[in-house]
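[1] the sequence and its predicted three-dimensional model are supplied below.
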Amino acid sequence: MFIARKRGKLPRGSLTKSKKNRIIKVNSSDFVISQITILTSCEVEDDYMIKPSSVPFINANGNSWKNEDIERTYHTFIGGHNFLEHDQNEKKSYGFIADATLKKRSLEDGGYVYDVDLLVATARRLTPDDSVAEKILKDKSAKFSMGCYSSSIQCSYCGNVSEQPTDDCVHLSNKLGSTFVTTSGGISEVSAIITPLRKGDDPDKPTGFIRFIEASIVRDPAYAGAVLGYILNIDDNRDIYFKIPESQFNRKSFNGIKHWAKKGLVKIIK
(Lines give C-alpha, C1' and ligand atoms only; values in the text may rest on other atoms or scores of the structure.)
Protein backbone atom coordinates (compact mmCIF):
# COMPACT_ATOMS: atom_id res chain seq x y z
CA MET A 1 0.00 0.00 0.00
CA PHE A 2 1.24 3.47 -0.90
CA ILE A 3 0.01 6.52 1.06
CA ALA A 4 1.41 10.02 0.63
CA ARG A 5 0.51 13.31 2.27
CA LYS A 6 0.53 16.21 -0.17
CA ARG A 7 0.41 19.94 0.51
CA GLY A 8 -1.75 22.26 -1.56
CA LYS A 9 -4.84 21.46 -3.56
CA LEU A 10 -5.48 18.83 -6.19
CA PRO A 11 -6.72 19.78 -9.68
CA ARG A 12 -10.23 21.16 -9.72
CA GLY A 13 -12.87 18.50 -10.27
CA SER A 14 -10.78 15.58 -9.03
CA LEU A 15 -12.83 15.13 -5.85
CA THR A 16 -16.35 15.75 -7.12
CA LYS A 17 -18.00 13.16 -9.32
CA SER A 18 -19.30 14.98 -12.37
CA LYS A 19 -22.77 14.41 -13.79
CA LYS A 20 -21.40 14.38 -17.32
CA ASN A 21 -19.91 11.08 -18.51
CA ARG A 22 -17.60 9.93 -21.29
CA ILE A 23 -17.91 6.55 -23.01
CA ILE A 24 -14.90 4.34 -23.72
CA LYS A 25 -14.61 0.96 -25.40
CA VAL A 26 -12.18 -1.92 -24.91
CA ASN A 27 -12.05 -5.38 -26.42
CA SER A 28 -12.06 -8.59 -24.39
CA SER A 29 -9.14 -9.89 -26.43
CA ASP A 30 -7.02 -7.00 -25.13
CA PHE A 31 -7.97 -6.92 -21.44
CA VAL A 32 -8.84 -9.22 -18.54
CA ILE A 33 -11.61 -7.52 -16.55
CA SER A 34 -11.57 -8.36 -12.83
CA GLN A 35 -13.80 -7.40 -9.93
CA ILE A 36 -11.84 -6.81 -6.72
CA THR A 37 -12.49 -5.48 -3.22
CA ILE A 38 -9.76 -2.92 -2.59
CA LEU A 39 -10.55 -1.58 0.91
CA THR A 40 -13.14 -1.45 3.68
CA SER A 41 -13.92 1.71 5.63
CA CYS A 42 -14.32 2.05 9.40
CA GLU A 43 -17.02 3.52 11.59
CA VAL A 44 -15.92 5.96 14.27
CA GLU A 45 -17.27 7.36 17.53
CA ASP A 46 -16.53 10.83 18.93
CA ASP A 47 -15.42 11.88 15.42
CA TYR A 48 -12.19 9.84 15.31
CA MET A 49 -12.08 6.74 17.57
CA ILE A 50 -12.43 3.53 15.54
CA LYS A 51 -15.41 1.59 16.86
CA PRO A 52 -14.50 -1.89 18.18
CA SER A 53 -16.63 -3.55 15.49
CA SER A 54 -14.56 -1.78 12.81
CA VAL A 55 -11.13 -2.63 14.21
CA PRO A 56 -10.84 -5.72 11.94
CA PHE A 57 -10.94 -3.38 8.93
CA ILE A 58 -7.86 -1.40 9.95
CA ASN A 59 -5.11 -2.31 7.49
CA ALA A 60 -2.06 -4.24 8.63
CA ASN A 61 0.03 -1.08 8.28
CA GLY A 62 -2.32 0.80 10.62
CA ASN A 63 -4.14 2.87 7.98
CA SER A 64 -7.92 3.31 7.97
CA TRP A 65 -10.66 5.41 6.36
CA LYS A 66 -13.88 6.80 7.82
CA ASN A 67 -17.20 5.83 6.24
CA GLU A 68 -18.09 9.40 5.30
CA ASP A 69 -14.73 10.07 3.66
CA ILE A 70 -14.99 6.96 1.50
CA GLU A 71 -18.48 8.06 0.45
CA ARG A 72 -17.01 11.34 -0.76
CA THR A 73 -13.93 10.02 -2.53
CA TYR A 74 -14.24 6.38 -3.64
CA HIS A 75 -14.95 7.48 -7.23
CA THR A 76 -11.43 8.93 -7.52
CA PHE A 77 -10.20 5.38 -8.14
CA ILE A 78 -11.85 5.50 -11.59
CA GLY A 79 -9.37 6.08 -14.39
CA GLY A 80 -6.31 5.33 -12.26
CA HIS A 81 -3.62 2.90 -13.35
CA ASN A 82 -3.19 -0.77 -12.58
CA PHE A 83 0.45 -1.29 -11.56
CA LEU A 84 2.59 -4.14 -10.29
CA GLU A 85 3.84 -3.82 -6.68
CA HIS A 86 3.19 -0.04 -6.63
CA ASP A 87 5.84 0.68 -9.26
CA GLN A 88 4.17 3.98 -10.08
CA ASN A 89 5.93 4.61 -13.36
CA GLU A 90 3.22 5.22 -15.96
CA LYS A 91 5.40 3.58 -18.60
CA LYS A 92 5.05 0.38 -16.53
CA SER A 93 1.26 0.40 -16.45
CA TYR A 94 -0.56 -2.94 -16.56
CA GLY A 95 -4.00 -1.47 -17.21
CA PHE A 96 -6.53 0.86 -15.63
CA ILE A 97 -9.44 1.07 -13.20
CA ALA A 98 -12.68 1.09 -15.17
CA ASP A 99 -15.22 1.52 -12.38
CA ALA A 100 -15.68 1.81 -8.61
CA THR A 101 -18.68 1.18 -6.40
CA LEU A 102 -19.64 1.06 -2.72
CA LYS A 103 -21.24 -1.89 -0.94
CA LYS A 104 -22.69 -1.18 2.49
CA ARG A 105 -21.92 -3.90 5.04
CA SER A 106 -24.02 -4.12 8.22
CA LEU A 107 -22.21 -4.98 11.45
CA GLU A 108 -23.45 -6.93 14.47
CA ASP A 109 -23.52 -3.83 16.70
CA GLY A 110 -25.97 -2.12 14.34
CA GLY A 111 -23.31 -0.05 12.60
CA TYR A 112 -21.97 -0.34 9.08
CA VAL A 113 -18.90 -0.01 6.90
CA TYR A 114 -18.34 0.26 3.15
CA ASP A 115 -16.50 -2.16 0.89
CA VAL A 116 -15.02 -0.43 -2.16
CA ASP A 117 -15.20 -2.71 -5.20
CA LEU A 118 -13.34 -1.99 -8.43
CA LEU A 119 -13.45 -3.22 -11.98
CA VAL A 120 -9.81 -3.47 -13.03
CA ALA A 121 -8.78 -3.91 -16.66
CA THR A 122 -5.43 -5.74 -16.94
CA ALA A 123 -3.91 -5.57 -20.42
CA ARG A 124 -2.96 -8.79 -22.17
CA ARG A 125 -0.28 -7.08 -24.27
CA LEU A 126 1.93 -3.97 -24.40
CA THR A 127 2.80 -4.30 -20.70
CA PRO A 128 6.23 -4.82 -19.06
CA ASP A 129 5.26 -8.51 -18.60
CA ASP A 130 2.38 -9.77 -20.72
CA SER A 131 2.22 -13.01 -18.74
CA VAL A 132 0.62 -11.17 -15.77
CA ALA A 133 -2.85 -11.18 -17.34
CA GLU A 134 -2.55 -14.87 -18.15
CA LYS A 135 -1.50 -15.64 -14.58
CA ILE A 136 -4.63 -13.91 -13.29
CA LEU A 137 -6.77 -15.96 -15.66
CA LYS A 138 -5.10 -19.24 -14.71
CA ASP A 139 -4.79 -19.14 -10.92
CA LYS A 140 -7.53 -16.60 -10.05
CA SER A 141 -5.78 -15.81 -6.77
CA ALA A 142 -4.50 -12.32 -7.47
CA LYS A 143 -4.09 -9.94 -4.53
CA PHE A 144 -4.29 -6.17 -4.77
CA SER A 145 -3.28 -3.03 -2.95
CA MET A 146 -3.90 0.63 -3.65
CA GLY A 147 -2.17 3.99 -3.82
CA CYS A 148 -3.60 7.13 -2.25
CA TYR A 149 -2.79 10.81 -1.79
CA SER A 150 -4.29 12.75 1.11
CA SER A 151 -3.83 16.15 2.67
CA SER A 152 -3.60 14.76 6.19
CA ILE A 153 -3.61 11.87 8.65
CA GLN A 154 -5.63 11.80 11.87
CA CYS A 155 -4.84 9.86 15.03
CA SER A 156 -7.68 7.58 16.10
CA TYR A 157 -6.61 7.90 19.76
CA CYS A 158 -6.29 11.66 20.33
CA GLY A 159 -7.76 13.11 17.14
CA ASN A 160 -4.61 15.05 16.20
CA VAL A 161 -4.53 16.02 12.51
CA SER A 162 -1.11 16.13 10.88
CA GLU A 163 -0.33 17.38 7.39
CA GLN A 164 3.36 16.45 7.61
CA PRO A 165 5.15 13.60 9.44
CA THR A 166 6.77 16.19 11.71
CA ASP A 167 3.28 17.06 12.99
CA ASP A 168 2.45 13.47 13.99
CA CYS A 169 1.47 12.88 17.59
CA VAL A 170 3.30 10.42 19.84
CA HIS A 171 0.59 7.81 19.26
CA LEU A 172 1.12 7.71 15.47
CA SER A 173 4.88 7.88 15.92
CA ASN A 174 5.29 5.18 18.55
CA LYS A 175 2.02 3.44 19.41
CA LEU A 176 0.40 2.51 16.09
CA GLY A 177 -1.59 -0.69 16.58
CA SER A 178 -1.73 -0.38 20.37
CA THR A 179 -5.10 -1.03 22.00
CA PHE A 180 -7.03 1.41 24.17
CA VAL A 181 -10.47 1.81 25.73
CA THR A 182 -12.86 4.18 23.92
CA THR A 183 -15.15 6.64 25.67
CA SER A 184 -18.00 4.13 25.29
CA GLY A 185 -15.96 1.41 26.99
CA GLY A 186 -14.97 -0.69 23.97
CA ILE A 187 -11.52 -1.83 22.89
CA SER A 188 -10.06 -0.06 19.86
CA GLU A 189 -6.63 0.37 18.25
CA VAL A 190 -4.43 3.33 17.43
CA SER A 191 -4.78 3.88 13.70
CA ALA A 192 -3.64 6.46 11.16
CA ILE A 193 -6.91 7.62 9.63
CA ILE A 194 -6.39 8.88 6.09
CA THR A 195 -8.42 12.09 6.16
CA PRO A 196 -9.34 15.20 4.17
CA LEU A 197 -9.40 17.23 7.39
CA ARG A 198 -6.90 19.99 7.91
CA LYS A 199 -5.99 21.47 11.28
CA GLY A 200 -8.86 23.58 12.62
CA ASP A 201 -11.48 22.19 10.20
CA ASP A 202 -15.03 21.50 11.31
CA PRO A 203 -15.18 17.65 11.31
CA ASP A 204 -18.18 17.85 8.98
CA LYS A 205 -16.56 20.34 6.61
CA PRO A 206 -13.09 19.14 5.56
CA THR A 207 -11.04 21.47 3.36
CA GLY A 208 -8.40 18.94 2.34
CA PHE A 209 -8.57 15.90 0.09
CA ILE A 210 -8.24 12.16 -0.37
CA ARG A 211 -7.48 10.95 -3.86
CA PHE A 212 -7.00 7.32 -4.91
CA ILE A 213 -4.51 7.02 -7.74
CA GLU A 214 -3.95 3.35 -8.52
CA ALA A 215 -4.56 -0.31 -7.77
CA SER A 216 -1.58 -2.66 -7.81
CA ILE A 217 -1.23 -6.39 -8.18
CA VAL A 218 0.88 -7.41 -5.18
CA ARG A 219 2.17 -10.46 -3.35
CA ASP A 220 1.44 -9.18 0.17
CA PRO A 221 -1.45 -6.71 0.51
CA ALA A 222 -1.80 -4.48 3.60
CA TYR A 223 -5.52 -5.27 3.62
CA ALA A 224 -6.22 -9.01 3.66
CA GLY A 225 -9.60 -8.44 2.01
CA ALA A 226 -8.04 -6.85 -1.10
CA VAL A 227 -8.38 -9.91 -3.29
CA LEU A 228 -9.79 -10.90 -6.64
CA GLY A 229 -13.54 -11.49 -6.43
CA TYR A 230 -14.19 -12.80 -9.90
CA ILE A 231 -13.15 -12.43 -13.52
CA LEU A 232 -15.80 -11.33 -15.98
CA ASN A 233 -16.55 -14.27 -18.25
CA ILE A 234 -16.57 -12.61 -21.66
CA ASP A 235 -16.07 -14.32 -25.00
CA ASP A 236 -13.00 -13.36 -27.03
CA ASN A 237 -13.16 -10.37 -29.34
CA ARG A 238 -16.18 -8.77 -27.66
CA ASP A 239 -16.45 -5.00 -27.23
CA ILE A 240 -16.99 -3.74 -23.66
CA TYR A 241 -18.21 -0.22 -22.94
CA PHE A 242 -17.58 1.80 -19.78
CA LYS A 243 -19.16 5.04 -18.63
CA ILE A 244 -16.49 7.29 -17.07
CA PRO A 245 -17.28 10.48 -15.09
CA GLU A 246 -15.88 13.51 -16.90
CA SER A 247 -13.84 14.51 -13.84
CA GLN A 248 -12.06 11.16 -13.84
CA PHE A 249 -11.70 10.95 -17.62
CA ASN A 250 -9.79 14.26 -17.44
CA ARG A 251 -7.82 13.52 -14.27
CA LYS A 252 -4.53 15.42 -14.39
CA SER A 253 -2.24 12.66 -13.17
CA PHE A 254 -2.16 8.86 -13.16
CA ASN A 255 -4.64 8.84 -16.04
CA GLY A 256 -4.73 5.19 -17.05
CA ILE A 257 -7.54 5.65 -19.55
CA LYS A 258 -5.69 8.18 -21.70
CA HIS A 259 -2.44 6.24 -21.32
CA TRP A 260 -4.02 3.11 -22.79
CA ALA A 261 -5.87 5.15 -25.39
CA LYS A 262 -2.47 6.34 -26.66
CA LYS A 263 -1.41 2.68 -26.87
CA GLY A 264 -4.51 2.01 -28.98
CA LEU A 265 -6.23 -0.47 -26.64
CA VAL A 266 -8.83 1.99 -25.32
CA LYS A 267 -11.18 3.67 -27.79
CA ILE A 268 -12.83 6.95 -26.77
CA ILE A 269 -16.38 6.89 -28.15
CA LYS A 270 -17.62 10.25 -26.90
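    Cool, got the structure.
[2] tell me the phi and psi of the residue located most distally from the centre of the chain?
    Going by CA atoms, centre = their mean, the residue of the chain most distant from its centre is Gly185, 31.1 Å out. Main-chain torsions, Gly185, degrees, to the nearest 10: phi 100, psi 0.
[3] so it versus Ile70, what's the distance?
    Distance, Gly185 to Ile70, by CB to CB, to the nearest Å: 26 Å. In this view, the C-beta of every residue, glycine as well, is placed from N, C-alpha and C.
[4] any idea how many residues pack against Gly200?
    7 (other CB atoms under 10 Å).
[5] and it, which of the three is it?
    Three-state assignment for Gly200 (DSSP: H, G, I helix; E, B strand; the rest coil): coil.
[6] tell me the contacts of the nearest residue to Leu228 once chain neighbours are set aside?
    Spatial nearest neighbour of Leu228, excluding adjacent residues (CB to CB, 6 or more residues apart in numbering): Ala142 at 4.4 Å. Each residue near Ala142 by CB atoms under 8 Å, 6 or more residues apart in numbering is listed here: 34, 36, 135-136, 217, 227-228.
[7] filter the residues you listed to the buried ones?
    The neighbour count (16 or more other CB atoms under 10 Å) marks 34, 36, 136, 217, 228 as buried among the contacts of Ala142.
[8] sort out which of these are in helices and list them.
    Ile136 (DSSP state H).
[9] which pLDDT does the model give the residue farthest from the centre of the chain?
    Note for Gly185: predicted pLDDT of 94.
[10] could the contacts of Ala142 be laid out in CSV, adding distance to Asp167?
    Formatted as CSV, the contacts of Ala142 follow (distance: CB to CB, whole Å):
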residue, distance to Asp167
Ser34, 38
Ile36, 33
Lys135, 42
Ile136, 40
Ile217, 33
Val227, 34
Leu228, 37
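[11] ok, of these, which one's closest to Gly200?
    Nearest to Gly200 out of the contacts of Ala142 is Ile36 (CB to CB; 36.8 Å).
[12] show me the beta-bridge partners of that closest one.
    Beta-bridge partners recorded for Ile36 (DSSP bridges): Leu118, Leu228.
[13] need the contact list for it.
    Contact partners of Ile36, counting by CB under 8 Å, 6+ apart, are 117-118, 120, 142, 144, 215, 226-229.
[14] and what of Cys169?
    Applying CB under 8 Å, 6+ apart, we find Cys169 in contact with 155, 157-158, 160, 162.
[15] can you name the two of these that sit furthest apart?
    The widest separation within the contacts of Cys169 (CB to CB) is 12.9 Å, between Tyr157 and Ser162.
[16] same drill for the two, tell me which one is more crowded.
    Tyr157 (22 against 19).
[17] can you pick out the most distant pair from the contacts of Ile36?
    The span of the contacts of Ile36, defined through CB to CB, is set by Asp117 and Ala142 at 14.4 Å.
[18] specify the beta-bridge partners of the spatially closest residue to Asp168 that is not a sequence neighbour.
    Once flanking residues are discounted, Asp168 sits nearest to Ser162: 4.8 Å by CB to CB, 6+ apart. Ser162 forms beta bridges with Ile153, as assigned by DSSP bridges.
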